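Novice: Coordinates for the following, if possible.
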Amino acid sequence: MSAVIDTHGHAHDHHGGYGGVMRWITTTNHKDIGTLYLWFSFIMFMVGGVMALAIRLELFSPGIQFFNPDLFNQFTTMHGLIMVFGAIMPAFVGFANWQIPMMIGAPDMAFARLNNWSFWLLPFAASLLVISFFTPGGAPGVGWTLYAPLTVQMGVGMDLTIFAVHLLGMSSILGSINIITTILNMRAPGMNLMRMPLFCWTWLITAYLLVAAMPVLAGAVTMSLTDRHFGTSFFNAAGGGDPVLYQHIFWFFGHPEVYIIALPAFGVVSQVIPAFSRKPLFGYASMVYATSAIAILSFIVWAHHMYTVGMPVQGQLFFMYATTLIAIPTGVKVFNWVATMWQGSLTFETPMLFAIGFLFLFTLGGFTGLVLSLVPIDIQLHDTYYVVAHFHYVMVAGALFAAFAGIYFWLPKWTGRMYDETLGKWHFWLTMIFFNITFFVQHFLGLAGMPRRIPDYPLMFESWNKVSSIGAFGFGLAQLLFLYVVLKAIRSGAKAPERPWEGADSLEWTHLPTPVPYHTFETPPVLK
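Specialist: Predicted coordinates for the structure are as follows:
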């Protein structure tokens, strides 16, 4: 049986064997692992999306239609957990694995086997989340925030969920350690920190956020676990504990988490916009400082999620001012992206369309966030659909649109093939239109007072709920088109030219010395 050794030291025989399944299970190659992350995140995106459609199906009309309230709450919980930890975060880790070593001129990630393990923790964690539906009592119907004291009363599905969160957190922390080490220790000669592509900067900062925030979440769910099984009373008022303590711990993780999702998206957009504007990114240094400022501020705003728990007015004031302050570095970034496009030679291929869509909708989501940061307004709008609309504008129009931009942008680099530009544009316009039909009207529902996480509602909310549900199904179907576009490109796409975006890709380097090409580095002996 003839076997060949590829450039990464993997043996491939020509009859399937090791080159088949085992190659993917045991791979330590950053590109393979990046690909695994991206496919895993897409599968989870579909699973979480089906749950979202179940939620919108139930809310199409008032009254209990298809699901009992318990199952409805299980869907809202699992939709949130799967989308945040299973779809969005792994997608950007996939980008990091693919791009960071190539962008900084490293032969691979610093810890290649740790990289493999970081990924393979995820499918097991995701399986636990899905399996929890089939346990007695079903999945926990407590909302993705897993608020105590509800968590104490749930069945065994809650324990599976806590274990899944631990595994997801481990994966994130290990991946982050790998990214930090790679960026700080493995840059090519002459590639100092202020010469790195901005995508590397956003991931370096995100990795530090993950290392700081993830153990806090682990602490919160572990305390819930001991309250459930070991007689502690961290969050049980009857035993001297405090349910609000859980919220403090959770949101001390939860607010940095929002930026853990947003910052890599900013990094992708900061690569795409200069490429299709045919000019370097405006204000590179200010972008780095703004990203750092957002990361630091994200740790002192957590209780803006908790204005209604009865904190003192001084506390509310502090969190209100700290939250409005985050708008400044975010505004700097938006200004820089617009200034990059200003007087550029713009072309509007699919990646650029998604980046511009991101710019419009993320800014809108940021603005509704500014509205919700104001205490008197938030007390009225807390736990209404206005909040749901706000964070979907940040998460979907922010993170997901940026992820689509990145996939279309780098797909020629990853596969050596071009996608169908016409179908890509169809995907963009369908996604853009149906996204707004789904979520824009939820602002109206929230302002009218419709609470979130409920399966039934008064007749006065019916019209906008119908509109939102129709939009959701259109949005879901549009993502099947995306799958088709990607598969078509991989199987039968035209061969990608040397510089698929007419040389735009390399124009971000025009203000920098030419980086040393990848192939001039001798692979370190340990990686051979």
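
Novice: Secondary structure class of residue 205, three-state.
Specialist: Classification of residue 205 by DSSP: H, G, I helix; E, B strand; the rest coil places it in helix.

Novice: mind listing what it touches?
Specialist: Each residue near residue 205 by CB atoms under 8 Å, 6 or more residues apart in numbering is listed here: 263, 291-292, 295. No exception for glycine: its C-beta is placed from N, CA and C like everyone else's.

Novice: quick one: the nearest residue to residue 240 once chain neighbours are set aside from residue 152, how far?
Specialist: Leaving aside its sequence neighbours, residue 240 sits nearest to residue 233 (CB to CB, 6 or more residues apart in numbering; 5.6 Å). Residue 233 sits 10 Å away from residue 152, taking CB to CB, to the nearest Å as the criterion.

Novice: got the buried residues for stretch 34-52?
Specialist: 34-38, 40-42, 44-45, 47-49, 51-52 (16 or more other CB atoms under 10 Å).

Novice: With stretch 454-466 instead?
Specialist: By neighbour count on 16+ other CB under 10 Å, the buried set for stretch 454-466 is 455, 457, 461, 464-465.

Novice: got it, and stretch 465-478?
Specialist: By 16+ other CB under 10 Å, the buried positions in stretch 465-478 come out as 465, 467-469, 471-476, 478.

Novice: What about these, which are in helices?
Specialist: 465, 467-469, 471-476, 478 (DSSP state H).

Novice: any chance of the residues you listed in JSON lines, plus pLDDT and distance to residue 334?
Specialist: Shown next, in JSON lines, are these (pLDDT from 0 to 100; distance: CB to CB, whole Å):
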{"residue": "465", "pLDDT": "96", "distance to residue 334": "32"}
{"residue": "467", "pLDDT": "97", "distance to residue 334": "29"}
{"residue": "468", "pLDDT": "97", "distance to residue 334": "27"}
{"residue": "469", "pLDDT": "97", "distance to residue 334": "31"}
{"residue": "471", "pLDDT": "97", "distance to residue 334": "25"}
{"residue": "472", "pLDDT": "97", "distance to residue 334": "27"}
{"residue": "473", "pLDDT": "97", "distance to residue 334": "31"}
{"residue": "474", "pLDDT": "97", "distance to residue 334": "28"}
{"residue": "475", "pLDDT": "97", "distance to residue 334": "24"}
{"residue": "476", "pLDDT": "96", "distance to residue 334": "29"}
{"residue": "478", "pLDDT": "96", "distance to residue 334": "26"}
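
Novice: Compute the number of surrounding residues for residue 487.
Specialist: 12 (other CB atoms under 10 Å).

Novice: so is it in a helix, a strand, or just coil?
Specialist: helix.

Novice: Kindly report the same for residue 376.
Specialist: Residue 376 ends up helix, using three-state DSSP.

Novice: so how far is residue 426 from it?
Specialist: Taken as CB to CB, the span from residue 376 to residue 426 is 44 Å.

Novice: and what of residue 295?
Specialist: 36 Å.

Novice: More neighbours: those two, which one.
Specialist: residue 295 (21 against 16).

Novice: Narrow the contacts of residue 205 to those that are buried.
Specialist: Of all the contacts of residue 205 considered here, the ones buried according to neighbour count by 16+ other CB under 10 Å are 263, 291, 295.

Novice: Could I get the average pLDDT for stretch 431-451?
Specialist: The predicted model assigns stretch 431-451 a mean pLDDT of 96.

Novice: Tell me the confidence at residue 501?
Specialist: At residue 501, the pLDDT value in this model is 85.

Novice: Repeat that for residue 13.
Specialist: pLDDT at residue 13 comes out at 43.

Novice: what's the answer for residue 149, then?
Specialist: 89.

Novice: Contacts only, for it.
Specialist: With contact set as CB under 8 Å, 6+ apart, residue 149 has these partners: 235-237, 243.

Novice: ok, of those, which come out buried?
Specialist: Looking at the contacts of residue 149 with 16+ other CB under 10 Å, the buried ones turn out to be 235-236, 243.

Novice: so of the residues you listed, which ones are in helices?
Specialist: residue 243.

Novice: would you turn the buried ones among the contacts of residue 149 into a markdown table with pLDDT and distance to residue 311?
Specialist: Formatted as a markdown table, the buried ones among the contacts of residue 149 follow (pLDDT from 0 to 100; distance: CB to CB, whole Å):
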| residue | pLDDT | distance to residue 311 |
| --- | --- | --- |
| 235 | 94 | 17 |
| 236 | 91 | 21 |
| 243 | 94 | 14 |
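
Novice: so which of the buried ones among the contacts of residue 149 comes closest to residue 381?
Specialist: residue 243 (22.0 Å; CB to CB).

Novice: Please tell me I have it right and the closest one contacts residue 233.
Specialist: No: applying CB atoms under 8 Å, one finds residue 243 not in contact with residue 233, separated by 10.7 Å.
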